[in-house]
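Asker: I would like to see how this sequence folds:
(chains A and B, ligands or ions: 1)
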Amino acid sequence: MKGYIGKILFVNLTTGHIEDRIIPDQVYEMLLSGVGLGAYVLYNEIPAGADPLGPENVLGFTSGLLTGTGSLMTGRWMVVCKSPLTGGWGDANCGGTLAPAIKQCGYDGIFFSGISEKPVYLLVNNKGPQLKDASHVWGKDATESEEILIAENTFKKRPAAAVIGTAGEKVSLIAGVCNDGGRLAARSGGGAVMGSKRLKGIVLVGSKPIKCHDPQAVKLISQAYANKIRKQNLPGIVKGSFLPVMGKVMGSMKQVAPIDGMMFATMMKKWGTPMSNGMGVTNGDTPIKNWAGSSKDYNRSYYSKINSDYVIKREYRKYHCYSCIVGCGGVCDISDIEQGKFAHTHKPEYETCAVFGPLLMSRNLESIFYINELLNRAGMDSISAGHAIAFAMECYEKGLLTLEDTGGLDLTWGNAGAVIKLVEMMIARQGLGDLLADGVKIAAQKLGSGSDKYAIHAGGQEPGMHDARFDPMMGVHYSVDPTPGRHTIGAAQYYNMTRLWEKVSWAPAVRMYPKNEEYEATDREALKSVAGSCYKQIVDGIGGCLFAQIMGVQHWQAFEWLNAATGWDKTPDEYMLIGRRMQTLRQLFNIKHGVEPKSFKMHPRMAGEPPLKEGPLKGRQVPIEAMMKLHWKHFGWDENTGAPLPETIQQLELDQLLQEG
Amino acid sequence: MNDHSTSFQLLIDQDKGTAMKVKVYAPPFLNGDAIDEMGNLEVPTGATLRDVYKKLQVPLLLRPVLLCSVNYEKSRLDRVLQEGDVISFFFPITGG
Ligand code: SF4
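Answerer: Numbers count the residues shown, from 1 in each chain, chains lettered A, B, ... in the order given. Predicted coordinates for the structure are as follows:
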């Protein structure tokens, strides 16, 4: 056993019973760790039809197979559960410091079933695992709770912790799990599941070694990668105002060519994800005005106000996740905003800037910083929260919500003051905020009157801030992934940079090609989306960062690290088979729980129905149903239903791992 | 092989018109016809970065903003390339 521990901790919160469980080597060889280990445990443990907020749901925290082995950018931890937002498979991942701590406590994952009578947290230290009373932090925000729990459990070594904020406690279905003072595993409603179990957090203090088969070989690969990253620095003359200009050029180009992923590192080092703030608007990547607007609406007078340089102007410290040498994060001073309510916040990600900027037609960057901290402390997913407000604004515009319904808030597009108030109401579950706190699908169901037209989601989850009409493959993943609406699974841009074809025999090679090809439902495009999906499972099995992944397999050498860390001697094709197996297992989870894959098809507006009349995406439409079918077919799933075919299950030997029921 | 024999070999190679491959990541508005699926571009042994610019038809005006690097280091146009060198042009993408 190398790279992984071979053991999980299982806690029943109803009975208080805690036990170690040995996981056979075969599971790791077939599914890796991380999301794969999670899928193995949850598929077998959660009975069909279990209530996601009931005692039968199982919530897990897993680390990656490569975490702590000396490999780089492999320190992300995962939350897995049956999602209350989609009714199917749920996972979310996050950086920070929790992933190595899970392994240092002697586990690859920590799982919870049942519901505790009173609020508790799990402490794992040299005395072993124990459930402790959390009533003193229940009702406190995530950052404060984390600080308190860490302080009271710090003796020799500072613990790592993950907690929910008040959004999770109030079982908001768009609540996530927080660590490191406001970093979130935001998606899938994992925070709501944790709240429903009255589990406030986990606090880990371990010092067990993480074994690695060939540390020297791992180190050599890491050094080669680190040497390249270190050299990636943009000259000072490249300013944030230059990016929207480049975006315009990109958006107007008829051809696409794969670029060097290392160039992405240069931008990530300088700005982090807010590098896309203006560029995404001008090239068409950023959805505007609840996906119905364009850069003609959110024009220069708007996007210049959320310029990437203005974001990093407030950054006084860089932030790196464990084992990361890029450090796309940062800590920003916000002591001058809203009467200095908060001293600092994590640098808002592009997703947060875009969803509280262009999606709501707001150009108030200060409000975005403030909302970022409000949501981080509450532990609420900014992507979903912003979409819920966009939904409300469009309903208000169309007369489906009145001033009376909004509690006197004028929800005119761009009204940043009203947005702040509404965020606070969502966190407190007050008035209209209560309606919106479970995401747009449920809000539209409750509001009725045809409001579902304005509820932008895929399978119940609000999409990432990347437009499928700009990158149709993004839309495919929004619609076919067992956790729908996620922007982190795949896209043509990601595929082109990842360069899987350099190592995987069946991944289609990409040279320069006409942009229009991306809008056609072809076997070739489907093979690319399948390859992207399989590789992403590997990344989520090893604890990898998406941004490292898209730097390319020639730089971030996941396959080679895996062999060196485990002592396996697998080819990239064999690893991709593991990725296919992991993804198929996640899909089987959904089938077991009665989720129809077809129901995950993204909202028509996201596919260009009706088409936009202006801007870089003018007239663009995505034949999403045909694309979903081809993707399923090339996965070995039924092309009409999306259910994995019996022969695929057999070929992947999944029957060996699954218990009936 | 000592230095003397290396340069001697280089002369023979150039004489014979021997080609070598360098890896090029070029943005879509350059002439990428000569780049194969693995991103390789064939150039004569002893070619310089300037020769690659010519082959890719890099417009003079764009040269300063494309921030070209060889093996991830800033390079002069007269740099003599070696087999397997990696030539990257800066071109942004949106992500995150
Ligand atoms: S690139 Fe950013 S998100 Fe990824 S590991 Fe590094 S700091 Fe974390």
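Asker: The closest residue to A:Met465 other than its chain neighbours is in what secondary structure piece?
Answerer: Nearest residue to A:Met465 in three dimensions, chain neighbours excluded: A:Ala354, at 3.9 Å (CB to CB, 6 or more residues apart in numbering or on different chains). For every residue, glycine as well, the C-beta is placed using N, CA and C. Element membership for A:Ala354 (DSSP states H and E) is helix A:350-355.
Asker: May I have that helix exported as PDB, CA atoms only?
Answerer: In PDB, the C-alpha atoms belonging to helix A:350-355 read as follows (Å, rounded to 0.1, in the frame of the first residue of the first chain):
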ATOM      1  CA  TYR A 350     -13.800  34.900 -11.100                       C
ATOM      2  CA  GLU A 351     -17.000  32.900 -10.500                       C
ATOM      3  CA  THR A 352     -18.100  35.200  -7.700                       C
ATOM      4  CA  CYS A 353     -17.000  38.400  -9.500                       C
ATOM      5  CA  ALA A 354     -18.900  37.300 -12.600                       C
ATOM      6  CA  VAL A 355     -22.100  36.100 -10.900                       C
END
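Asker: Show the average pLDDT along that helix.
Answerer: Mean pLDDT, helix A:350-355: 98.
Asker: do the same with stretch A:69-80
Answerer: 98.
Asker: what residues does stretch A:320-331 touch?
Answerer: A:67-68, A:71-76, A:95-97, A:99-100, A:183, A:225-226, A:229-230, A:265, A:268-269, A:272-273, A:312, A:315-319, A:344-347, A:545, A:547-548, B:96 (CB atoms under 8 Å, 6 or more residues apart in numbering or on different chains).
Asker: which regions of chain B sit below the pLDDT cut-off?
Answerer: Scanning chain B for pLDDT under 70 picks out the ranges B:1-17, B:94-96.
Asker: quick one, longest strand in it?
Answerer: When chain B is parsed with DSSP state E, its longest strand is strand B:19-25.
Asker: Quick check on the contacts of stretch A:320-331: which are buried?
Answerer: Among these, those scoring as buried are A:67-68, A:71-76, A:95-97, A:99-100, A:183, A:225, A:229, A:265, A:268-269, A:272-273, A:312, A:315, A:319, A:344-347, A:545, A:547-548, B:96 (criterion: 16 or more other CB atoms under 10 Å in any protein chain shown).
Asker: in terms of contact, does the residue nearest to A:Met465 touch A:Gly278 like I think?
Answerer: No: assessed by CB atoms under 8 Å, A:Ala354 is found out of contact with A:Gly278, at 10.3 Å.
Asker: could you pull out the helices for chain B?
Answerer: Ranges of helices within chain B are B:3-16, B:49-56, based on DSSP state H.
Asker: Could you name the helices and strands sitting against the shortest one?
Answerer: In this case it means helix B:49-56. Contacts defined by 3 or more CB pairs under 8 Å, 6 or more residues apart in numbering or on different chains; DSSP states H and E place helix B:49-56 against strand B:19-25, strand B:40-44.
Asker: between those strands, which one is nearest to B:Phe91?
Answerer: Judged by CB to CB, the one of these that comes nearest to B:Phe91 is strand B:19-25, at 8.2 Å.
Asker: which residues touch that closest one?
Answerer: A:258-260, A:263, B:35, B:38-45, B:47, B:52, B:56, B:81-89.
Asker: Now a PyMOL select for only the buried ones of those.
Answerer: In PyMOL syntax, the buried subset of the contacts of strand B:19-25 is picked out as below (16+ other CB under 10 Å):
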select buried, (chain A and resi 258+259+260+263) or (chain B and resi 35+39+41+43+45+47+52+56+81+85+86+87+88+89)
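Asker: Could you pull up the residues touching the closest residue to B:Phe89 other than its chain neighbours?
Answerer: Distances taken as CB to CB, 6+ apart place B:Leu66 nearest to B:Phe89, at 4.7 Å, with adjacent residues excluded. Residues near B:Leu66 by CB under 8 Å, 6+ apart: B:27, B:58, B:89-91.
Asker: before we move on, what about A:Leu612?
Answerer: A:292, A:294, A:469, A:618-620.
Asker: Tell me if I am right that it is in a strand.
Answerer: No: applying DSSP: H, G, I helix; E, B strand; the rest coil, one finds A:Leu612 to be coil, outside a strand.
Asker: Next, A:Arg183: phi, psi?
Answerer: With angles defined as degrees, to the nearest 10, A:Arg183 sits at phi -90, psi 140.
Asker: Next, work out how far apart the residue nearest to B:Leu77 when sequence neighbours are not counted and B:Asp78 are.
Answerer: In space, and not counting its chain neighbours, B:Leu77 is closest to B:Arg50: 4.3 Å by CB to CB, 6+ apart. B:Arg50 is 6 Å from B:Asp78, where distance means CB to CB, to the nearest Å.
Asker: Against B:Leu67, how distant is B:Leu49?
Answerer: 13 Å.
Asker: So between the two, which is more surrounded?
Answerer: Neighbour tally, B:Leu49 and B:Leu67, criterion other CB atoms under 10 Å in any protein chain shown: the higher count belongs to B:Leu49, 21 against 17.
Asker: Next, the contact list for the residue of the stretch 401-550 of chain A found nearest the ligand, please.
Answerer: As assessed by CB to the nearest ligand atom, the ligand sits closest to A:Cys545 within the stretch 401-550 of chain A, at 3.3 Å. Residues near A:Cys545 by CB under 8 Å, 6+ apart: A:73-76, A:95, A:321, A:324, A:539.
Asker: from those, which ones fall inside strands?
Answerer: Among those, no member is found in strands (DSSP E).
Asker: returning to that earlier point: now the residue nearest to B:Phe89: phi and psi?
Answerer: phi -80, psi -10.
Asker: How many residues are close by A:Phe155?
Answerer: Using other CB under 10 Å: A:Phe155 sits among 9 other residues.
Asker: what sits against it?
Answerer: A:Val205.
Asker: Where does it sit, in terms of helix or strand?
Answerer: A:Phe155 belongs to no helix or strand, assigned by DSSP H and E.
Asker: Identify the residue nearest residue 73 in space, chain neighbours excluded?
Answerer: Answering for chain A, as no chain was given. Per CB to CB, 6+ apart, closest to A:Met73 is A:Ala548, 3.7 Å.
Asker: that's the wrong chain, I meant chain B
Answerer: B:Glu73 sits nearest to A:Lys231 (CB to CB, 6+ apart), 6.1 Å away.
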